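A.B. asks: Here is my input, please return the structure:
(one chain, ligands or ions: 2)
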Amino acid sequence: MAQYIMKGGNPLVGEVTISGAKNAALGILAASVMADEDVLIENLPDVRDINMMLEAIREIGAEVTRLDTHTVRINGKSISALSVESENMKRIRASYYLIGALLGKYRWADVPMPGGCDIGQRPIDQHLKGFTALGGEAELVNGRICVAAKRLRGEHIFFDVVSVGATINVMMAAALSEGRTILENVAKEPHIVDVANFLNSMGANIKGAGTDVIRIVGVPRFHGTTYSIIPDQIEAGTFMFAAAITRGDIRVKNLIPKHMEAISAKLYEMGCELVESDDEIRVIGTPRLRAVNVKTLPYPGFPTDMQPQVGTAMSLARGTSVLTESIFESRYRYLQELRRMGACNKVEGNTAIISGVEKLSGAEIKACDLRAGAALVLAGLAADGITTISDIHFIQRGYEHFEEKLRALGAVIELAENEREARKFKLVAG
Ligand SMILES: CC(=O)N[C@H]1[C@@H](OP(=O)(O)OP(=O)(O)OC[C@H]2O[C@@H](n3ccc(=O)[nH]c3=O)[C@H](O)[C@@H]2O)O[C@H](CO)[C@@H](O)[C@@H]1O
Ligand SMILES: C=C(OP(=O)(O)O)C(=O)O
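C.D. replies: Ligands and ions are numbered 1, 2, ... in the order given. Next up is the predicted model:
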């Protein structure tokens, strides 16, 4: 099993370029099969979830041509199967987007129940509520979701819960439905806007993405397009926190500063200096971070996908911080791993009380999910001595060339493919 071995203590200094947004790209790839013409997608991140999604759409018959690492051409004309059989689609969350895409285009979809990070129960009732309102009939059998519709007609839908996945999924199906759809109480994350812009570039008529209400006028079909994916807000935030946690100085390039506001505000409150320009933010760390309180919220609030990174920074801050997770109920498992490194925290319900320590010390720990894994890497890079992180396949789902980008900033980190390599790296680092 692959692991990261790292020797902490070096402040991370230099510049890093942010890749395309995984969570936008996953929606866009699924939606790209809705056109029967060539769709060219640029700035695709080279991460596992993306490669799994590409494989799944190829398996249902779409023509998928990888032009280079970050560019792909997709044509949905040759789709021959509406049942998605790929085993990998049980592992990733975004496989649910194939329901909205296929239902919209073919009025039928059969997809495995989605996987993704084990961070809570993650029901899909709001997705099904939306599809049903548009005229679909949904059935959940043998671990699969089948939705069929004779006709799809626009509706006025009020979501009970603000959901990124349900907003994108129902928006995709509604874009090829008959008549007008109004979606209320929708999510406003940057990737909602990116998927809506992508659909509009194929001929959809979607207005209001990025606000609480999305208005859609259905069109009969989509045409081809060329589209470049936005930078990854969470990857950018992770590197911004890397500067804070390692007391470094990082220019995080190719991001959209507006998307980073909640993250930038917390770093500033913790005592970091931030220098912002059009498409980059430089974060200059401070010798000792200040304690803060953070509550995760839907955008524009502080993102739940940044909760482990801020929790790690709090673990090294002066004073006691209160962290409240309001989106997912099981996103604190990394705190136990941080305790192995000398951190001081306790969890009460959805709140973590974190008393900062001056130093963490290297330990053998496990990545529990994607963002927790990335945060633990940052902890290891700040800690005294050697840290080994196992289960790094979680991290590889969503961070492009993570260890290479960190190494370019001065991190001492190696990826060991097996125990023998791990022993060798530990000897060299020690
Ligand atoms: C692939 C992808 O883009 N994943 C992101 C997406 O996940 P995902 O789309 O699964 O997250 P949602 O926004 O849907 O979940 C938000 C909340 O709504 C609840 N809920 C959701 C749907 C539903 O039908 N019923 C329901 O009750 C969830 O349990 C959760 O408490 O948004 C999350 C919240 O920003 C991020 O952490 C994930 O990284
Ligand atoms: C939780 C995440 O991904 P997923 O929804 O795919 O599990 C994430 O991107 O942080």
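
A.B. asks: secondary structure element for residue 236?
C.D. replies: helix 233-245 (DSSP states H and E).

A.B. asks: Spatially nearest residue to the residue of the stretch 201-350 of the chain found nearest ligand 2, not counting backbone neighbours?
C.D. replies: For the stretch 201-350 of the chain, the residue closest to ligand 2 is residue 305, as judged by Cβ to the nearest ligand atom, at 4.0 Å. C-betas here are computed from N, CA, C, even on glycine. Excluding its sequence neighbours, the residue lying closest to residue 305 (Cβ to Cβ, 6 or more residues apart in numbering) is residue 234, at 4.6 Å.

A.B. asks: Determine the set of other helices and strands touching the helix or strand where residue 131 lies.
C.D. replies: Applying DSSP H and E as the criterion places residue 131 in helix 125-133. Using 3 or more Cβ pairs under 8 Å, 6 or more residues apart in numbering; DSSP states H and E, the elements in contact with helix 125-133 are helix 97-106, strand 137-141, strand 144-148, strand 156-158, helix 164-175.

A.B. asks: which ones are touching the closest residue to ligand 1 within the stretch 101-250 of the chain?
C.D. replies: The minimum distance from the stretch 101-250 of the chain to ligand 1, using Cβ to the nearest ligand atom, falls at residue 165 (2.7 Å). Counting by Cβ atoms under 8 Å, 6 or more residues apart in numbering, residue 165 touches 93, 94, 96, 97, 124, 127.

A.B. asks: just checking, the last one touches residue 166?
C.D. replies: Yes - under the contact definition of Cβ atoms under 8 Å, residue 127 touches residue 166, with a separation of 4.6 Å.

A.B. asks: Let me know the distance separating residue 75 from ligand 2.
C.D. replies: Relative to ligand 2, residue 75 is positioned 26 Å away (Cβ to the nearest ligand atom, to the nearest Å).

A.B. asks: and that residue, what pLDDT?
C.D. replies: Each residue has a pLDDT score; the one for residue 75 is 98.

A.B. asks: same deal with residue 117?
C.D. replies: 89.

A.B. asks: Point out the other helices and strands that the lowest-mean-pLDDT helix or strand in the chain packs with.
C.D. replies: In the chain, the helix or strand scored least confidently by mean pLDDT, DSSP states H and E is helix 419-429, which has a mean of 79. Judged by 3+ Cβ pairs under 8 Å, 6+ apart, helix 419-429 is in contact with strand 3-7, strand 386-390, strand 412-416.

A.B. asks: now the second one and helix 419-429, what's the angle there?
C.D. replies: The directions of strand 386-390 and helix 419-429 differ by 160 degrees, with axes from the mean of the first three to the mean of the last three Cα atoms, to 10 degrees as the criterion.

A.B. asks: Strand 386-390: partners in the sheet, and parallel or antiparallel?
C.D. replies: strand 3-7 (antiparallel), strand 364-366 (parallel) (DSSP bridges).

A.B. asks: Under a three-state scheme, what state does the residue of the chain at minimum distance from ligand 2 occupy?
C.D. replies: Residue nearest to ligand 2 within the chain: residue 116 (2.9 Å; Cβ to the nearest ligand atom). Put simply, residue 116 is coil when judged by DSSP: H, G, I helix; E, B strand; the rest coil.
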